[in-house]
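Student: Structure, please.
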Amino acid sequence: MKEAFFPLKVSEVMTREVISIDESVGVTEAAKLMNAKSIGSVVVKKDNKVVGILTERDFLDKIVAKGLDPSAMRVRDIMSTPAITCTSDTPITVAVRVMRERKIRHLPIVDEGKLVGIVAGRDLTALGWRVIVY
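Tutor: Presented below is the predicted three-dimensional model:
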């Protein structure tokens, strides 16, 4: 009898403690939070629903590279939206394909409207996967 192949699910590699922030928060406060937590992204919520993600790249592309003053900007002004998400039962192979095709390094995991985790490129690297995003 052949053994069935059951691919790893996102739930087996995701980080369960996700840092999130409301879209109305100032970008300076968001940057300080990301720095204090040593993280490259925060999931953005509005009315407790995932609406986007704020990454280090957003700061570079949408503020620094344009020479803008972040002091009056809100997270909603620079976040990446719409939120690209998957569920905890999504196979890793599908999550990797989504990340490659959409050129993202962070994938929030949402089950029944609730944020339950996040998968980052480094989580996949630990499994031997490489997600190359340009």
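
Student: Which parts of this structure are strands?
Tutor: 20-22, 41-46, 49-55, 106-111, 114-120 (DSSP state E).

Student: Turn those strands into a markdown table, including mean pLDDT and distance to Glu12.
Tutor: For the C-beta atoms, the positions are set from N, CA and C on the backbone; glycine is no exception. Below are the strands of the chain laid out as a markdown table (pLDDT from 0 to 100; distance: least, C-beta to C-beta, whole Å):
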| stretch | mean pLDDT | distance to Glu12 |
| --- | --- | --- |
| strand 20-22 | 97 | 22 |
| strand 41-46 | 96 | 20 |
| strand 49-55 | 96 | 21 |
| strand 106-111 | 96 | 11 |
| strand 114-120 | 95 | 10 |
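
Student: Adding distance to Arg76 and mean neighbour count, write the ones you listed out as a markdown table.
Tutor: A markdown table is the format used below for the strands of the chain (distance: least, C-beta to C-beta, whole Å; neighbours: other C-beta atoms under 10 Å):
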| stretch | distance to Arg76 | mean neighbour count |
| --- | --- | --- |
| strand 20-22 | 9 | 16 |
| strand 41-46 | 7 | 22 |
| strand 49-55 | 8 | 21 |
| strand 106-111 | 16 | 22 |
| strand 114-120 | 17 | 19 |
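
Student: Now do the buried residues in the least confident helix or strand in the chain by mean pLDDT.
Tutor: One helix or strand of the chain scores below all others by mean pLDDT, DSSP states H and E: helix 121-125, with a mean of 74. Residues of helix 121-125 classed as buried: Gly121, Asp123, Leu124 (neighbour count, 16 or more other C-beta atoms under 10 Å).

Student: For the strands of the chain, please prepare JSON lines with the additional fields distance to Asp61.
Tutor: Below are those laid out as JSON lines (distance: least, C-beta to C-beta, whole Å):
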{"stretch": "strand 20-22", "distance to Asp61": "18"}
{"stretch": "strand 41-46", "distance to Asp61": "14"}
{"stretch": "strand 49-55", "distance to Asp61": "9"}
{"stretch": "strand 106-111", "distance to Asp61": "15"}
{"stretch": "strand 114-120", "distance to Asp61": "19"}
